[in-house]
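In: My questions concern the predicted model and sequence given below.
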Amino acid sequence: MAFGHKYVMLMHVTTKKVRRLGKRGILNSWRRLVIHRSTRERERERGREQMACFANLPMISSPNPNPNPNLKASASLSQSSISTKLHFSSQFSSLSPSPLSLRCNQTLILRRFGGRAPSVSPTLVVVASANPNSLKIMISGAPASGKGTQCELITKKHDLVHIAAGDLLRAEVAAGSENGRRAKEFMEKGKLVPNEIVVMMVRDRLLQPDSQEKGWLLDGYPRSQSQATALKEFGFEPDLFILLEVPEEILVERVVGRRLDPVTGRIYHLKYSPPENEEIAARLTQRFDDTEEKVKLRLRTHHQNVEAVLSLYKDITIKGTMFMQSIDASSMIKTGEKMFELLDKWVEQVGEENVIQVITDNHSSYVMAGRLLELKRPHLYWTPCAAHCLDLMLEDIGKLPNIKRTLERAISLNGYIYNRSGLLNMMRRFTGQRELLRPAKTRFATVNGGVSKEEVFAQIDSALEKLVKQKKATAGPVAI
Ligand SMILES: Nc1ncnc2c1ncn2[C@@H]1O[C@H](COP(=O)(O)OP(=O)(O)O)[C@@H](O)[C@H]1O
């Protein structure tokens, strides 16, 4: 494939040829579609921004330049041939420093890098989108907000390629490359790694054939407006942006106790999800930036950037719980009617059609308020908080004499061990780093940090299902 000063050539093959000829043969046998520069100039004179040319294109993909210097594009070809509409961006000009790109269904399929005149042999990357129905999702959230868990569930169900910017960077650090060395300096400080390292890394991964064919779930990117813009310029636009929000105190606790099993890749938590046996416990590792001090820095960086990124994707964002307002209700907390007025005002403000469920405390005034609300608005669904119900039940159970005595003993034994570091150390050594369940204050808000990973996934998945249906409905045969 050549990029002369006068011509732009697009090539065409069919799947049968692909099988018969193999890679090299295909490159030689591509039918050339020649567009004379003069044609482009005439088009431009007509004031058209873009010139469209159409071709039958097989699924072609290769992020790596071919070693042949005269043929700087290489291709690996899959079985299915697809009909694809190509748009040739008319940014092309012998003087223009801007890169030349071909886009296919929003996916970058060809790009010339560098700002040299086209007479200089360009480096080409040829990639084609095989499946316009594939999902393209971005997921964002503070450290330990559960992105990893949700990504696992999402990729499993929708067979997407999971691309985590943090993992790409850690792989680079582990490889000991110059980029990795530089990246580590920033990662240790909980700061963002400079764009010149991250952007290309993510772009290259997105261009890989598996991401192009299956669709992708991009995790931890973009973290700034400039990263989002850079990706957009490369032609990558998500269908959906997911933001996971979790209160900060929960995040710190999660991060500090988080451990990785390097053999299985499974993530454990010393307290909430301890390893199953001593063998696993002994090999667990901790991320170098999972300390309390560093996580606080990472959280600050996250909060500084998240709003800017969100503003770019607000139309396609799904968010979890949103904090609206806190009110001092101490003067009315005991009066059902007053609590009803308060709740009713909020339902009015949010719009009744947008309220799925109203959840309150189990106090009699809340129960009365909830019932009044249901009377006034028969389509509204009110429930007392399930966690609070359980909390009250357990409190009552804990008052039974037998249980009360056992609990008291457990609490004093717990305090005895945890107040003596030598003893605690010994217990951990002999139990394979196990912890005792410790008495803690119960939290009775079913929302916020109390939402289970399955509930979060259900929320995300319903949005994904809608998206899949939408994509299927709008994907007709592509014009050629
Ligand atoms: N998109 C990005 N841009 C710049 N730096 C990044 C990006 N993604 C990850 N990093 C760096 O890698 C570190 C680890 O990222 P990650 O594994 O996603 O964990 P976390 O989100 O918990 O900080 C970040 O603290 C940051 O230094």
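Out: Nice, I can see it.
In: low pLDDT regions in the stretch 301-450 of the chain?
Out: Low-confidence segments of the stretch 301-450 of the chain (pLDDT under 70): 319-326, 441-450.
In: Apart from its chain neighbours, what residue comes closest to Arg434?
Out: Pro274 (5.8 Å; C-beta to C-beta, 6 or more residues apart in numbering). C-beta: built from backbone N, CA, C; applies to glycine.
In: can you tell me how far the one you found sits from the ligand?
Out: Distance of Pro274 to the ligand, given as C-beta to the nearest ligand atom, to the nearest Å: 21 Å.
In: Now do the same contact list for that residue.
Out: By C-beta atoms under 8 Å, 6 or more residues apart in numbering, Pro274 lies in contact with 268, 281, 433-435.
In: any idea how far Ala458 is from it?
Out: For Pro274, the distance to Ala458 (C-beta to C-beta, to the nearest Å) stands at 26 Å.
In: which ones among the contacts of Pro274 are found in helices?
Out: Counted as lying in helices by DSSP state H, out of those, are Ala281.
In: and the contacts of Pro274, which are buried?
Out: For those, a neighbour count by 16 or more other C-beta atoms under 10 Å gives the buried set as 268, 281, 433.
In: Count the residues that sit near Asn305.
Out: 17 (other C-beta atoms under 10 Å).
In: Settle this for me: it is touching Ser226, isn't it.
Out: No. The pair Asn305 / Ser226 is not scored as a contact, 10.2 Å apart, by C-beta atoms under 8 Å.
In: got any residues that touch both of the two?
Out: Common contacts of Asn305 and Ser226 (C-beta under 8 Å, 6+ apart): none found.
In: In a strand, Lys271, correct?
Out: No. With DSSP: H, G, I helix; E, B strand; the rest coil as the criterion, Lys271 is located in coil rather than a strand.
In: Phi, psi for whatever residue of the chain ends up closest to the ligand please.
Out: Relative to the ligand, the nearest point of the chain is Gly166 (2.0 Å; C-beta to the nearest ligand atom). Main-chain torsions, Gly166, degrees, to the nearest 10: phi -60, psi -40.
In: Nearest spatial neighbour of it, chain-adjacent residues omitted?
Out: Gly220 (5.0 Å).
In: What ranges does the stretch 251-400 of the chain have for its helices?
Out: With DSSP state H, counting those that start in this stretch as the criterion, the stretch 251-400 of the chain has helices at 278-283, 292-312, 336-350, 364-376, 386-397.
In: could you dump the ones you listed to JSON lines with distance to Gly148?
Out: Formatted as JSON lines, the helices of the stretch 251-400 of the chain follow (distance: least, C-beta to C-beta, whole Å):
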{"stretch": "helix 278-283", "distance to Gly148": "18"}
{"stretch": "helix 292-312", "distance to Gly148": "15"}
{"stretch": "helix 336-350", "distance to Gly148": "32"}
{"stretch": "helix 364-376", "distance to Gly148": "36"}
{"stretch": "helix 386-397", "distance to Gly148": "25"}
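In: Go through those and name the closest to Gly422.
Out: helix 278-283 (19.7 Å; C-beta to C-beta).
In: What is the neighbour count of Asn362?
Out: Asn362: 15 neighbours (other C-beta under 10 Å).
In: What separation do you get for it and Arg181?
Out: 56 Å.
In: now do Arg438
Out: From Arg438 to Arg181 the distance is 41 Å (C-beta to C-beta).
In: tell me the contacts of the residue nearest to Gly166?
Out: Contacts for Gly220 (C-beta under 8 Å, 6+ apart) come out as 139-140, 147, 164-166.
In: Output the below-cut-off pLDDT ranges for the stretch 51-200 of the chain.
Out: For the stretch 51-200 of the chain, residues meeting the criterion pLDDT under 70 lie at 51-131.
In: give the contact list for the closest residue in space to Leu436 that isn't next to it in sequence.
Out: Leaving aside its sequence neighbours, Leu436 sits nearest to Asn414 (C-beta to C-beta, 6+ apart; 5.5 Å). Going by C-beta under 8 Å, 6+ apart, Asn414 touches 436, 438-439.
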